[in-house]
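Participant: no FASTA, just this:
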């Protein structure tokens, strides 16, 4: 039975390749968790509150944040170990996913705020118009 010898450089090269694959795998998983363009664009709601609730649900990012975190963790490990020959593409992909995720989370928060205030606005507008109608009836 022959014993395989392991060269440190060869092992490091394999580990670097595996680390890059881990980063790429987590980035792909993060992108797959993001909502689709159609999900945030198309609606079948009957009113604005239904549209907002649908949009809020469509903006759910699932595990995208955790997948991005894992990608950044493995990227940082590889970068600090100087394991990547060229990591500019990984760095820019991480930044792009991170930026998109931040935008989605901001829009999700904005939609959530609107979902809470639109019904209140509707009620206040109804009351204002009811009061105006009552004032008009009193003048007659």
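Facilitator: Received, thanks. This one's a predicted model, so the numbers in the text were calculated from it and none came from an experiment.

Participant: ok, the spatially most central residue of the chain - contacts?
Facilitator: Centroid-nearest residue in the chain, with CA atoms, centre = their mean: residue 101, separated by 3.4 Å. Counting by CB atoms under 8 Å, 6 or more residues apart in numbering, residue 101 makes contact with 30, 34, 61, 64-65, 68. Backbone N, C-alpha and C define where each C-beta goes, glycine included.

Participant: Can you check these and name whichever has the most neighbours?
Facilitator: With neighbours taken as other CB atoms under 10 Å, the top of these is residue 30, carrying 27 neighbours.

Participant: surely it meets residue 68?
Facilitator: Yes - contact status for residue 30 versus residue 68: in contact at 4.5 Å, counting by CB atoms under 8 Å.

Participant: Quick one: low-confidence residue ranges for this protein.
Facilitator: Applying pLDDT under 70 to the chain flags residues 1-6, 136-140.

Participant: residue ranges of the helices in this structure, please?
Facilitator: Here the chain has its helices, by DSSP state H, at 8-33, 37-41, 48-58, 64-80, 88-139.

Participant: Now do the fourth one: distance to the chain's middle.
Facilitator: By that I understand helix 64-80. Centroid separation between helix 64-80 and its chain, computed with CA atoms, centre = their mean, to the nearest Å, is 16 Å.

Participant: Pull the residues that contact it.
Facilitator: Here helix 64-80 makes contact (CB under 8 Å, 6+ apart) with 16, 19-20, 22-24, 26-27, 29-31, 33-34, 83-84, 87, 90-91, 94, 97-98, 101.

Participant: Next one: residue 20 from residue 89, what distance?
Facilitator: Using CB to CB, to the nearest Å, residue 20 is found at 10 Å from residue 89.
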